[in-house]
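In: Sequence and computational prediction follow.
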Amino acid sequence: MLNTGFPVLSALIFFPLIAAVVLFFLRGDNTVKVFTLLVSLIECVLVLPIIFGFESTAQFQFVERQAWIESWNIFYYLGIDGISVLLILLTVLLLPICILCSWRYIEKRVKEFNFCLLLMTTACLGIFSALDFVLFYVFWEAMLIPMYLIIAVWGGPNRRYASLKFFLYTLAGSTLFLAAIVALFIKTGTFSIPELMQHQYTFQFQAWIFLALALAFAIKVPMYPFHTWLPAAHVEAPTAGSVLLASILLKMGTYGFLRFCLPITPAASDYFAPLMILLAILSIIVGSLLAFGQSDMKKLIAYSSVAHMGFVTLGIFVFAFRGIEGAIMHMVNHGVITGALFLLVGLIYERSHSRELSENMGVSKYLPAYTGFLLLFAFAAFGFPGTNGFFSKLLILLGIFQVNFWLGVLFIIGLILGLAYLLRLLLTVGWGSPSKVQGWQDMNLREWIYLVPLGLLVIYLGVGPGKALDFMRPSIDNLVQNFEQEKNLVIDEHKPSPAIVLKKAPNLEPKTIEFIDMKASD
Amino acid sequence: MLNFNPQLIIPELFMVAILAVLFAQSISNQHRDKIAWVPFAALIGFLLTAFSTTGPEFMFYQSYQIDGLSQFFKSIIFLGLAVCTGNALRVGTLVQANRADYFFFMCMSAFGLLLLSSTVELFTIYLSLELASFSLYILLPLRNRDPRAVEGAIKYVLFGALATAIGLYGVSYILAGHHTTYVAELLAMDWSYAQQPMALIGLAMFLLAFLYKLALFPFHFWAPEVYQGASNETAAFAATLPKLGAIVIMVRLMAFSPGMEVKIILAVFAAVSMTLGNLTALVQRDVKRLIGYSSVAHSGFVIMGLIAGGVHGLAAASYYALVYMVMNLTIFWVITRISDRGKNVYISDLRGLYSNSPILAFVLAVSAFALVGLPPTAGFIGKLFLFSSAWDAGFHWLVIIGVVNTALAIFYYLNLVRHAYTLDEVVKNKISLGPAGASVAIILALGVLYLGILPQNIFALLMQASSGILS
């Protein structure tokens, strides 16, 4: 199953792109919407081979490798493992939901909006499956353009400021990332991520690479103090944009930590872990406190995202198996839950035309179904037992307690703060008074359709996460073991002198890499 | 040995034929304004060059070399000329009677650049450079009753005269140091400061003449004035093709692998050029002026590849030359379409471009993102090649400055896109975009994307070419 003839990942990545081009020749808003919805459903079918064919091993699967730019040893190199597979599934699942939730909300330039959504899907799937650094960077940056347009064209009143801030922040963060990629290439002569993981570097080199990468990822996550772009972008973005931002974009940062920082620069990750943990704790506390003070529902959830991503980062940087397992689970869960919460905000915004808490009070009496979903997702968000949020936070907590008792205590304080702001949201929206809700319609069929899958996921991942954990376990095992082996293992002297690499490069034959070798050492 | 073999110089002869016809047109009374054939002729020239032999062959007493590098640059010069003349067909600031003259000088300048791509002897290089420059000096002020055009042109002439004079002075040093002016012989010489200080200083001075053409700091002062002053169509030409000529010569000269002293000076110039260009561009309101400063920054990027040297470095610089040309032609194509009767375009004129002309807005966005260096456009892959080669040569700090500059640059390029896409227009002005204009715009944008996504073939070609001149 490792190398089936059919290029599953390429099909997943490029099908939306081709559909986006076709979209330009269609006329009529409804045709466009139906077409995009169909595309997204076909995309969901295309992902089935991954669900059923993915094997629980630490190897990269569904690998595709083609020479792309031979002169620079750049490959078109795709593959997924336990770390990325769930994020791929999440991305694909969210596409039809984003289309459905924008069905009425987006009124102008419908075709272009759907075009941007499809481009976003292509870029996100590319990011999670690229195994060549240049390819990864291409998708990483290409994703900015549709996201920028989604916020800047279809956003709220302050959209120009928010979109510009988003773009500048994320682009500025990833420029040094490019320099790091170049430095790694010159050091090793390859852009291939699995190969780079096997190389060993001096500590100093690792430290610089780690800092350059971590800056890019910390901005994307976003970690305190780089989080200020997030509330602005979330508040101004249309619902679909917020969902994409919260559910997928933020995950790219933590995914980057797991995919690059830990395996490529283990010693530096270990060395800088206290800093990252400190920032993660600050993200949790500051994010939660800020969320507590918001009167705008979208802002509240945006700040809660900062806090939640703090949990994830914390889980990663304690370097414990459970912590990382929980972190990945929480990436997915947060994607589901926060995505759903943004959908709920968008849903009520379509009725009240305001995101202020005070304008949306006391909906429970008139919108029972809505309140039910709000309860479900808010409970999941603060980790009520039986929901997915509980399970992943429990895993992270286990990992943290293994490492440090006091960190665990801080984590629990963060959890309690989370409970506070979510209860406030829940109580005000559900049962606050005076209520202006009379005459609003409860959820219609379209809204049911896009919320039910997420609701089911909340329960499924909360009660039966075994399958998901099976997907991830070998990869995390491998990651943690390699990390433990290599974190103290740094080479001392400057062995490969630079300037040699490029002279050899034209003769470099594309080597086939045996991933089994990587495992054999364990 | 004269070794005159007309087969080898078919592109040049073809250009002479174009020039002859244009000259005849310019002195006839009836046919002065029938110049729509020139872009197609240039395209034929491109095909002739693209399928010509890549030698290497010498001609004219070893002063003229036909090799992969020269043919590559000749073909892209023809290609650029086709777009520039196509663009200039509707130049709004020129009376009909001057059309043939205008095209004559444009083609003459391109002819100089063609010669420049092939010349491998310092005095011949100098003469070709002057041929290319003098035609441009005449071209620049050809804009009706606009004092700024004259101002820009005079600046260009004065600066140019000074820079080329220094260059010529440098040749005398090289001649004194190494007793030859043939590039092939100079290639084998010692270019370290310790052994041959005079020759190295001479080389540095000779390079200055080309840094000026490239608008690199500290010779960049002319660029914004000339871009702003000249008519949009002329600026499109002046911004792109002459730089190709400068880059091809610098590629040949940097193949000497001169001493570190020169490289460090160039690296400092490049760093300042990038930073200064981008910072100044941030506050510009006139789009052409903005592109002028951005081109100052881009010259800094090209220098990275040149000082890195080696097969990869020189090929990366040549590739970026192509990328630079295509990106700029694309954005200038949009500007000339938007421009109202040939007036300069201000950023605020871009407002609401999306609702006015979605195609132009899209093409503008592609070219702006390419100029920033965002994937998947050509700008990204070109910069990646430059960064990699510069890092390999040990210029780590320069690469860091380069990537940080990307972050500086994003604002003003994004600002163009932002105006086009998110702001609504105050007053509607009509944009006349015929099917021909639209299709060229889309082809240019696709070119930008193609160079970014599939660079392998062209880059392999350039690697061959640059290893040819290194050996």
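Out: Noted; the coordinates are in hand. Numbering: from 1, shown residues only, chains lettered A, B, ... in the order given.

In: Quick check: A:H308 vs chain B, distance?
Out: 28 Å (CB to the nearest CB, to the nearest Å). For the C-beta atoms, the positions are set from N, CA and C on the backbone; glycine is no exception.

In: What's the local residue count around the closest residue to A:S283 other than its chain neighbours?
Out: Once flanking residues are discounted, A:S283 sits nearest to A:G310: 3.3 Å by CB to CB, 6 or more residues apart in numbering or on different chains. Neighbour count for A:G310, taken as other CB atoms under 10 Å in any protein chain shown: 28.

In: which ones are touching A:G310?
Out: For A:G310, the contacting residues are A:M223, A:Y224, A:A280, A:I281, A:L282, A:S283, A:I284, A:G287, A:G414, by CB atoms under 8 Å, 6 or more residues apart in numbering or on different chains.

In: Output the longest strand seen in chain A in CSV with nothing but the alpha carbons.
Out: Longest strand of chain A, by residue count under DSSP state E: strand A:61-69. Coordinates of each C-alpha in strand A:61-69 appear next as CSV, following Å, rounded to 0.1, in the frame of the first residue of the first chain:
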residue,chain,number,x,y,z
GLN,A,61,3.0,6.5,2.9
PHE,A,62,1.5,7.3,-0.5
VAL,A,63,4.9,8.6,-1.4
GLU,A,64,5.3,10.3,-4.8
ARG,A,65,8.7,11.4,-5.9
GLN,A,66,9.5,13.0,-9.2
ALA,A,67,12.5,15.1,-10.2
TRP,A,68,11.3,18.7,-10.4
ILE,A,69,14.4,21.0,-10.7
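
In: Does chain B have contacts with that strand?
Out: Yes - Strand A:61-69 comes into contact with chain B (CB under 8 Å from any CB of the partner chain), by way of A:A67, A:W68, A:I69.

In: Just list what the next helix or strand after that strand packs against, helices and strands only.
Out: Following strand A:61-69 in sequence order, the next helix or strand is strand A:74-80 (DSSP states H and E). Applying 3 or more CB pairs under 8 Å, 6 or more residues apart in numbering or on different chains; DSSP states H and E, one finds that strand A:74-80 contacts helix A:8-23, strand A:61-69, helix A:110-129, helix A:133-142.

In: So which bits of the very next helix or strand once past strand A:74-80 are buried?
Out: Remark: after strand A:74-80, the chain's next helix or strand is helix A:85-101, criterion DSSP H and E. Within helix A:85-101, the residues that count as buried by 16 or more other CB atoms under 10 Å in any protein chain shown are A:85-101.

In: for stretch B:393-408, same thing?
Out: Across stretch B:393-408, burial judged by 16+ other CB under 10 Å covers B:393-396, B:398-408.

In: which bits of chain B sit near chain A?
Out: So far as CB under 8 Å from any CB goes, chain B lies against chain A at B:310-312, B:315, B:365, B:369, B:372, B:374-376, B:380-381, B:384-385, B:387-389, B:391-394, B:396, B:399-400, B:403-404, B:406-407, B:410-411, B:414, B:418, B:421-423, B:455-456, B:459-460, B:463.

In: Let's see that with 7 Å instead.
Out: B:310, B:312, B:369, B:374-376, B:384-385, B:387-389, B:391-394, B:399-400, B:403-404, B:406-407, B:410-411, B:414, B:418, B:421-422, B:455-456, B:459-460, B:463 (CB under 7 Å from any CB of the partner chain).

In: Narrow the residues you listed to those in helices?
Out: The helices, defined by DSSP state H, take in B:310, B:312, B:369, B:384-385, B:387-389, B:391-392, B:399-400, B:403-404, B:406-407, B:410-411, B:414, B:418, B:421-422, B:456, B:459-460, B:463 from the residues of chain B next to chain A.

In: Which residue does the stretch 1-150 of chain B have closest to chain A?
Out: B:G68 (14.4 Å; CB to the nearest CB).

In: Tell me how many other residues crowd that residue.
Out: For B:G68, the count of nearby residues is 20 (other CB under 10 Å).

In: ok so, going back, for the longest strand of chain A, report the contacting residues that lie outside it.
Out: For strand A:61-69, contacts defined as CB atoms under 7 Å, 6 or more residues apart in numbering or on different chains pick out A:1-3, A:7-10, A:50, A:54-55, A:74-81, A:510, B:455-456, B:459.

In: out of the residues of strand A:61-69 next to chain B, who's nearest A:W154?
Out: Distance ranking of those against A:W154, using CB to CB, places A:W68 first at 33.8 Å.

In: relative orientation of the helix ranked longest in chain A and helix A:85-101 in degrees?
Out: In chain A, assigned by DSSP H, the helix with the most residues is helix A:321-352. Per axes from the mean of the first three to the mean of the last three CA atoms, to 10 degrees, the angle that helix A:321-352 makes with helix A:85-101 is 0 degrees.

In: Pull out the buried residues from the very next helix or strand once past helix A:321-352.
Out: Later in the chain than helix A:321-352, the nearest helix or strand by DSSP H and E is helix A:368-382. Buried positions in helix A:368-382, judged by neighbour count with 16+ other CB under 10 Å: A:Y370, A:T371, A:F373, A:L374, A:L376, A:F377, A:A378, A:F379, A:A380, A:A381, A:F382.
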